[in-house]
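>>> Let me see the structure of the following:
(one chain, ligands or ions: 2)
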Amino acid sequence: MSLALPDLLIPKAYIGGQWHDAERRFAVTNPATGQTLAEIPDLNADDARAAVASAEAAWPAWRKRPAKERAALLRRWYELIVAHGDELARLMTLEQGKPLAESKGEVGYGASFVEYYAEEAKRVAGETLPSHGADKRILVFREPIGVVAAITPWNFPLAMITRKCAPALAAGCPVVIKPAEATPLTALALAKLAEDAGLPAGVLNVVTASQPAEIGEVLTTDPRVRKVSFTGSTPVGKKLLAQCAGTVKKASMELGGNAPFIVFDDADLDAAVEGAIASKFRNSGQTCVCTNRLLVQAGIYDAFLEKLAKRVRELKVGNGLEDGVVQGPLINPAAVAKVQAHIGDALGNGARLVCGGEPHALGGTFFQPTVLADVTDAMQVAREETFGPLAPVFRFESDEQAIAMANATEFGLAAYFYASDYRRIWHVMEGLEYGMVAVNEGILSTELAPFGGIKESGLGREGSRHGLDEFTELKYVCVGGL
Ligand SMILES: NC(=O)C1=CN([C@@H]2O[C@H](COP(=O)(O)OP(=O)(O)OC[C@H]3O[C@@H](n4cnc5c(N)ncnc54)[C@H](O)[C@@H]3O)[C@@H](O)[C@H]2O)C=CC1
Ligand SMILES: O=C(O)[C@H](O)CS(=O)(=O)O
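Ligands and ions are numbered 1, 2, ... in the order given. The predicted structure follows:
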């Protein structure tokens, strides 16, 4: 299949500043059509160790490089990402399936992390503290942690890479990226632009593989890797965290969610519906911060449900390259099966189908945006992340009941609620056990804020100045004898 972006589609891995081929290759396919987009190197543990070695060799010079120079290189990378935004967006839609408008949005969102950390690179500061003796001085240095391994998911093929690599590079760390096997092409395009920006060989490496466990084993156990930053499912995160224990690696984990979207009886219903559409159906429901459960107060339940169903029925499903499409295919047949399992279980336990509910007539992994009513805590969808275009609507009576329902999960990533009364807003905002809470807003992600979860949704934060601290270590120096 000819792609209108040959210069940015490089079917090779990127290690030590060299484009790396391999005999064993695996196919990257378009989830909307099943067509093969490219065959790329299927690397192994030895290749992963070579990438780690390249990163370690590049680290001394990269950490010694003046912060202003690192900042300038990141800024150039940002400028190239923006300049190639349309090509990157098209590549993302081809390999991940999201609508082109969402891909363009992701380019802007992902680029914003490079822009932000190009600025922050110049502000990685230490401190001096009041000492414990007249003859002593206390110095605190903030130093780069070392070689970073970034393992990223398929749902944001660009932004999840820049959200990890930009702060790591800004802090003075080299990076080995293991992108999702479903969406490696965008990662390789980013590596090409980083090379064009002038990033030195070995500072950024991309290891592509169809079998992630073999690569992950190296990245989580090699003592030369000092930090693992993972975004993906909670089960895989737990596995990687356990593997990191052997060498006591610092780890950041952005894991699964089970986001509640609470609509109180004093909410602006039209605004709440728009917020629910944005939060639930972004990327066809395939984001960790997508609403997973809609909790609606009894007095406005029917009115909200009617408005929501009307908007859901308007959502156009199709190939993300087509004009007007707002719902692309799911990433693979397993994702479709999970949505169907949640729908079947809910209907089998008394839920009511309001709209959708079936695979889309387009076939493949296209699925009808679906709304279920009368959903209860007895159903799988109350406990498990669907990661698809399913909006299950629960009913509640009191504020206390809504907060209790929202918190009844091992996850704690994002929560949303719509209300007007300021007392209610403060009470609910403080009662929700989540790393991120959106009030009268359906989309909360920005490079300016600390993104991350509590409980089994993860460890650490990405974005904001907190995101850079994840890639530094403090060194306390006590100077005596003065
Ligand atoms: N908190 C967050 O920001 C995000 C969380 N997720 C969660 O991830 C899930 C869906 O995304 P997926 O990519 O399917 O998650 P996943 O956990 O299956 O895969 C994520 C990444 O981990 C890699 N991986 C899988 N098994 C591995 C292993 N044993 N060793 C090393 N690497 C391994 C994959 O190749 C991919 O690169 C959902 O639960 C979703 O909530 C996804 C994106 C963002
Ligand atoms: O992978 C994800 O789901 C992202 O973290 C969500 S967001 O940051 O793009 O909103």
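>>> residues in contact with Leu372?
343, 346-347, 351-354, 357, 381, 390-393 (Cβ atoms under 8 Å, 6 or more residues apart in numbering). In short, each C-beta sits where N, CA and C put it, glycine included.
>>> Please disregard the earlier target; I meant Glu39.
Neighbouring residues of Glu39 by Cβ under 8 Å, 6+ apart: 11, 25-28.
>>> re earlier: out of the contacts of Leu372, which is nearest to ligand 2?
When the contacts of Leu372 are ranked by distance to ligand 2 (Cβ to the nearest ligand atom), Leu390 comes first, at 16.1 Å.
>>> most neighbours, which of the contacts of Glu39?
Val28 (22 neighbours; other Cβ atoms under 10 Å).
>>> quick one, helices of the stretch 251-400 of the chain?
Remark: helices assigned in the stretch 251-400 of the chain by DSSP state H, counting those that start in this stretch are 269-281, 301-313, 333-348, 380-383, 399-407.
>>> Nearest to ligand 1 among the ones you listed would be which one?
Between ligand 1 and those, the shortest gap by Cβ to the nearest ligand atom is with helix 333-348, which sits at 8.2 Å.
>>> what's that closest one packed up against?
Applying 3 or more Cβ pairs under 8 Å, 6 or more residues apart in numbering; DSSP states H and E, we find helix 333-348 packed against strand 370-375, helix 380-383, strand 390-396.
>>> tell me the angle that helix makes with strand 390-396.
30 degrees (axes from the mean of the first three to the mean of the last three Cα atoms, to 10 degrees).
>>> Run the contact check for helix 333-348 versus ligand 1.
No. Figure legend: helix 333-348 not in contact with ligand 1 (Cβ under 6 Å from any ligand atom); closest approach 8.2 Å.
>>> what sits up against that helix?
Helix 333-348 is contacted from outside by 285-286, 330, 353, 357, 359, 365, 367, 370, 372, 375, 379-381, 384, 386-390, 392, using Cβ under 8 Å, 6+ apart.
>>> How about that helix, which residues are buried there?
335-336, 338-340, 342-343, 346 (16 or more other Cβ atoms under 10 Å).
>>> can you check stretch 205-215 too?
Neighbour counts over stretch 205-215 (16+ other Cβ under 10 Å) mark 205-210, 212, 215 as buried.
>>> Format those residues as CSV; extra columns: secondary structure, pLDDT and distance to Val296.
Formatted as CSV, the buried residues of stretch 205-215 follow (DSSP: H, G, I helix; E, B strand; the rest coil; pLDDT from 0 to 100; distance: Cβ to Cβ, whole Å):
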residue, secondary structure, pLDDT, distance to Val296
Asn205, strand, 98, 48
Val206, strand, 98, 44
Val207, coil, 98, 45
Thr208, coil, 98, 44
Ala209, coil, 98, 44
Ser210, coil, 98, 43
Pro212, helix, 97, 39
Ile215, helix, 98, 44
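>>> Now for those residues: which two are most distant?
Within the buried residues of stretch 205-215, two members stand farthest from each other by Cβ to Cβ: Asn205 and Ser210, at 17.9 Å.
>>> thinking again about what came up before, quick one: which of the helices and strands packed on helix 333-348 is nearest ligand 2?
Nearest to ligand 2 among the helices and strands packed on helix 333-348 is strand 390-396 (16.1 Å), distances taken as Cβ to the nearest ligand atom.
>>> Quickly run through the sheet partners of that closest one, with directions.
Strand 390-396 has the following strand partners under DSSP bridges: strand 291-297 (parallel), strand 370-375 (parallel).
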